[in-house]
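Trainee: fold the following for me, if possible:
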Amino acid sequence: MPVGDRDIAVDRELSEISGQMPLLRYVTPVNVTEARAEFLRDESDEPEFAYRRLPDLGEISARLEKVNPEEAEDPAVRHLASNLKDELVTRLDLLAARGTPRFFPAAVQLFGHVEEPLYDLAQELLSLDPLSPPDSLVDAHEFAEAARAEIAHYREAYPEMKAKVFVKDDTPGVMVENGDLYVGADIRVGVEHVPSLLAHEVGVHVLTFANGSAQPLHMLATGVARYDQTQEALGVLAEHLAGGLRRKRLRVLAFRVVAGRLRSDQAGFVDTYQRLIRLGARRREAFTTTMRAYRAGGMTKDAIYLRGLVRLAQHLAAGGDLQRLFIGKVALAEEPLISELREREVLIAPPLRPRFLDMPSASRRLDEIRAGLTIPQLGEMTS
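Mentor: Numbering: from 1, shown residues only. I've put the predicted structure just below:
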């Protein structure tokens, strides 16, 4: 049964407001390459980062204040809308506090602190021998071409897919924003990691935006409240299903947890960087990880990769559904509600299925996780 006009009106307004302030765009520095080069000369002074100009937050706030989730008629839509509005208010507070001492507490509201069991898991992962041999590399333009080819495969099945790929000087790493893929001009990707990274960025982030955009509720494209952790967990799971989650990659996730914990403990940028070096991170890797934990005033967002993977593995081991999580950018906690909306035919069947799920090794690897394979054991199976 389709949702009513009031449901659609509330959904569209919240989705548009969410799209006006993509978080990573406004909290990620645009001068990482220059700041890294300067920092690595002597590794003694905290780098100075520059950021994109913020949108008119006052105008967005006034628009958001007018949205009343209670006007939605469907109880499920009302629930999703209410939670999303609350999160957008926090996101506004976060952006308004960028670069000030108020930023970190607002970030903790969204992403939490690093809990002790997660920190212990990170320590366990860092105690493992990486075992990874040197890998030949592809540059940003080669990876971008591979991503365009991957998107083209999906577009054959769903011509409405509008995703584009951009190589940008002001993008550190790889990120997806509103369904488009942005590749940092100075990145290098190991040849063996390319299929896994494509599965993460295109097979999860780009695909779920396209699937969500096809839904009557557009908040499934821009993201329901607390969707980030499930998205990143799916991305890391996709890496494992597509090519195996090597210990080197698990160590990256562990370094991020450690950096987030140190930021929570009020350690300085240089101290955190040096701690990661002592734990075995390479200089460039240590800088990037520390930057991510200290950008804009500091945030624990990067802990969601490992925390989300743990919770997704628990969900699968308990017999939880995986397919429903690709219907859009949804949170694991909302999976029962998403299932209800699908059964009531409020939501339609997603037009795209991740290609990595059909890889020969994917079923076996999924079965291993469903049987209770632990996160450290994932690395043991593929290193």
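Trainee: can we go C-alpha only for contacts and neighbour counts from here?
Mentor: Will do.
Trainee: thinking F255 is in contact with L121, fair?
Mentor: No - here F255 lies out of contact with L121, judged by Cα atoms under 8 Å, at a distance of 11.0 Å.
Trainee: neighbour count winner among these two?
Mentor: F255 (29 against 18; other Cα atoms under 10 Å).
Trainee: which elements pack onto the helix or strand that contains V189?
Mentor: For V189, the element it lies in under DSSP states H and E is strand 188-190. Counting contacts by 3 or more Cα pairs under 8 Å, 6 or more residues apart in numbering; DSSP states H and E, strand 188-190 is packed against strand 137-139, helix 140-157.
Trainee: and with 6 Å instead?
Mentor: Where contact means 3 or more Cα pairs under 6 Å, 6 or more residues apart in numbering; DSSP states H and E, strand 188-190 is packed against strand 137-139.
Trainee: what does the strand it packs on contact?
Mentor: 188-191 (Cα atoms under 6 Å, 6 or more residues apart in numbering).
Trainee: repeat that for 10 Å
Mentor: Residues outside strand 137-139 that contact it (Cα atoms under 10 Å, 6 or more residues apart in numbering) are 143-144, 183-194.
Trainee: quick check: I17 touching P55?
Mentor: No - the criterion here is Cα atoms under 10 Å, and I17 misses it with P55 at 11.3 Å.
Trainee: more neighbours, these two?
Mentor: I17 (17 against 12).
Trainee: that's a strand at that one, yeah?
Mentor: No - assigned with DSSP: H, G, I helix; E, B strand; the rest coil, I17 falls outside any strand and is helix.
Trainee: residues contacting it?
Mentor: 60-61, 63-64, 85, 88, 222.
Trainee: may I see the PyMOL selection of the buried members of those residues?
Mentor: To isolate the buried ones among the contacts of I17 in PyMOL, judged by 16 or more other Cα atoms under 10 Å, type:
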select buried, resi 60+64+85+88+222
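Trainee: okay, now the unreliable bits of the stretch 251-383 of the chain?
Mentor: 380-383 (pLDDT under 70).
Trainee: mind redoing it with 90?
Mentor: Residue ranges of the stretch 251-383 of the chain with pLDDT under 90: 360-361, 378-383.
Trainee: for the stretch 51-200 of the chain, same thing?
Mentor: For the stretch 51-200 of the chain (pLDDT under 90), the answer is 128-135, 192.
Trainee: how far does stretch 194-206 sit from the chain's center?
Mentor: Relative to the chain's own centre, stretch 194-206 is displaced by 11 Å; criterion: Cα atoms, centre = their mean, to the nearest Å.
Trainee: ditto for stretch 88-99
Mentor: Once both centres are worked out by Cα atoms, centre = their mean, stretch 88-99 turns out to sit 18 Å from its chain's centre.
Trainee: pull the residues that contact that stretch.
Mentor: Taking Cα under 10 Å, 6+ apart as the rule, stretch 88-99 contacts 14, 17-18, 21-23, 26-27, 49, 51, 54-58, 60-61, 64-65, 84-85, 87, 100, 102-110, 225, 294-298.
Trainee: give me the buried subset of those.
Mentor: Applying 16+ other Cα under 10 Å to the contacts of stretch 88-99, the neighbour count classes 14, 17-18, 21, 26-27, 49, 51, 60, 64, 84-85, 87, 103-108, 110, 225, 294-298 as buried.
Trainee: T90: neighbouring residues, count only.
Mentor: Counted by other Cα under 10 Å, the residues lying close to T90 total 16.
Trainee: ok, it to A293 distance?
Mentor: 19 Å (Cα to Cα, to the nearest Å).
Trainee: give me the most central residue, this protein.
Mentor: With distances taken as Cα atoms, centre = their mean, E232 lies nearest the centre of the chain, 4.0 Å away.
Trainee: which residue sits closest to it, ignoring its sequence neighbours?
Mentor: Leaving aside its sequence neighbours, E232 sits nearest to Y305 (Cα to Cα, 6 or more residues apart in numbering; 5.4 Å).
Trainee: the one you found: which element?
Mentor: Following DSSP H and E, the helix or strand that holds Y305 is helix 303-317.
Trainee: next SSE after that helix?
Mentor: helix 335-343.
Trainee: need the buried ones from the contacts of strand 137-139 selected in ChimeraX.
Mentor: Burial among those is assessed by 16+ other Cα under 10 Å; the matching ChimeraX selection reads:
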select :143,144,183,184,185,186,187,188,189,193,194
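Trainee: what comes up buried for the longest helix along the chain?
Mentor: Counting residues, the longest helix in the chain under DSSP state H turns out to be helix 75-96. For helix 75-96, a neighbour-count test (16+ other Cα under 10 Å) marks 77-78, 80-82, 84-85, 87-88, 90-96 as buried.
Trainee: and those residues, which is closest to Q266?
Mentor: Proximity of the buried residues of helix 75-96 to Q266 was ranked by Cα to Cα; the top entry is L94 with 18.3 Å.
Trainee: what's the distance between that closest one and F104?
Mentor: Using Cα to Cα, one obtains 8 Å as the distance from L94 to F104.
Trainee: quickly list what's touching both of the two.
Mentor: 296-297.
Trainee: state the phi and psi torsions of the residue lying closest to V67 once chain neighbours are set aside.
Mentor: Leaving aside its sequence neighbours, V67 sits nearest to V10 (Cα to Cα, 6+ apart; 6.8 Å). Here is the backbone geometry of V10 (degrees, to the nearest 10): phi -60, psi -40.
Trainee: V10 contacts R63, correct?
Mentor: No - counting by Cα under 10 Å, V10 stays clear of R63, with 11.9 Å between them.
Trainee: in which helix or strand would I find L118?
Mentor: Counting by DSSP H and E, L118 is found in helix 116-126.
Trainee: kindly report the same for D271.
Mentor: D271 belongs to helix 269-278 when assigned by DSSP H and E.
Trainee: I am finished for the moment; much appreciated.
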